[in-house]
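*Asks:* Show me how the following folds:
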Amino acid sequence: MNQITAILEHLRVNGSITSLEAINMYGATRLADIIFKLRKRGFQIKTVNCVGKTRFGTTCNYAKYVLVDE
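*Replies:* Residues are numbered from 1 along each chain as shown. The predicted structure is shown next:
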C-alpha cells in the first residue's frame, strides 16, 4: 500500500488526519501534497485550521484535513 492509499483509507476510517499523524503512522512527510493529489482525483477534503501547543508550551497553528462525506 502506498502513502496516498494509506492516507485515503485513514480518512475514510477516521474522518480526518493531521501532519503529525501522517508522519507517525505512515511516514508521510508531505501530507499537503498527498491531499492535493487526492483532491485532483475528485475527493472533497476540507482544511480546518487548528491552534495547539508545542511540547515547549508555545502556541502553534496546524492543519487538520477532513474528508467530506463521499
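*Asks:* residues near residue 28, how many?
*Replies:* For residue 28, the count of nearby residues is 20 (other CB atoms under 10 Å). C-beta coordinates here come from the backbone N, C-alpha and C atoms, glycine included.
*Asks:* do residue 41 as well
*Replies:* By other CB under 10 Å, neighbour count at residue 41 equals 8.
*Asks:* If I look at it, what pLDDT would I see?
*Replies:* Residue 41 is assigned a pLDDT of 97 by the prediction.
*Asks:* and the gap between it and residue 59?
*Replies:* Counting by CB to CB, to the nearest Å, the gap from residue 41 to residue 59 is 34 Å.
*Asks:* How about residue 50?
*Replies:* For residue 50, the distance to residue 59 - CB to CB - is 11 Å.
*Asks:* So for these two, which sits in the more crowded spot?
*Replies:* Set side by side, residue 50 and residue 59 show more neighbours around residue 50, with 11 against 8, by other CB under 10 Å.
*Asks:* Contacts for whatever helix or strand that one lives in, please.
*Replies:* Per DSSP states H and E, residue 50 falls inside strand 45-53. Applying CB atoms under 8 Å, 6 or more residues apart in numbering, the contact partners of strand 45-53 are 11, 16, 18, 35, 38-39, 59-68.
*Asks:* If we go by neighbour counts, what in the helix or strand just after it is buried?
*Replies:* On the C-terminal side of strand 45-53, the nearest following helix or strand under DSSP H and E is strand 59-67. For strand 59-67, burial by neighbour count (16 or more other CB atoms under 10 Å) applies to 65, 67.
*Asks:* Run the chain-centre distance for strand 59-67.
*Replies:* Counting by CA atoms, centre = their mean, to the nearest Å, strand 59-67 is centred 8 Å from the centre of its parent chain.
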